[in-house]
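Peer 1: what's the 3D shape of this:
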Amino acid sequence: MEATKYPTKNGRVMVIRKAKEEDAQAIIDVINSVGAERRYILTERFPHDIEWEKAFIREHVYGKQDFLIAVAEINGKVVGNAAFKSESTQRIGIWDTSVWQS
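Peer 2: Below is the predicted model of the structure:
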């Protein structure tokens, strides 16, 4: 997946790219922040630590062809993440997205 730039409504540039192990803490922070809003996600704190998240990224992003974790960055800060897992048929998958409101 190549990094892609998109303009935002307020004139900033958002970059969507494949997640890296270095993004682990930022991904956890985004998920916990969205969870704290208590609007569209389970309200329990995301229970994974940084080492678990790094291993998950390493295994799923770089080890499997049927899984993608992407992050959204604005000004170099991760502000969102998305995960997609392809199921056994080619037209079905699971999509999970978290984005900070800011």
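Peer 1: any idea which residue sits dead centre in this protein?
Peer 2: Ranked by distance to the mean C-alpha position of the chain (C-alpha atoms, centre = their mean), the top residue is Asn81 at 2.0 Å.
Peer 1: what bridges to it?
Peer 2: Beta-bridge partners recorded for Asn81 (DSSP bridges): Val71, Ser98.
Peer 1: Identify the residues contacting it.
Peer 2: Residues in contact with Asn81 (C-beta atoms under 8 Å, 6 or more residues apart in numbering) are 19, 23, 27, 30-31, 69-72, 97-98. In this view, the C-beta of every residue, glycine as well, is placed from N, C-alpha and C.
Peer 1: how about Val15, phi and psi?
Peer 2: In this entry, Val15 is assigned phi and psi values of phi -110, psi 130 (degrees, to the nearest 10).
Peer 1: all numbers from here: first residue = 43
Peer 2: That works, and once the first residue is 43, the last one we named lands at Val57.
Peer 1: what number of residues lie near Ser75?
Peer 2: 17 (other C-beta atoms under 10 Å).
Peer 1: Now name the helix or strand holding it.
Peer 2: Under the criterion of DSSP states H and E, Ser75 resides in helix 66-79.
Peer 1: Apart from its neighbours in sequence, what residue is nearest Phe109?
Peer 2: The shortest distance from Phe109 to any non-neighbouring residue, by C-beta to C-beta, 6 or more residues apart in numbering, is to His102 (4.2 Å).
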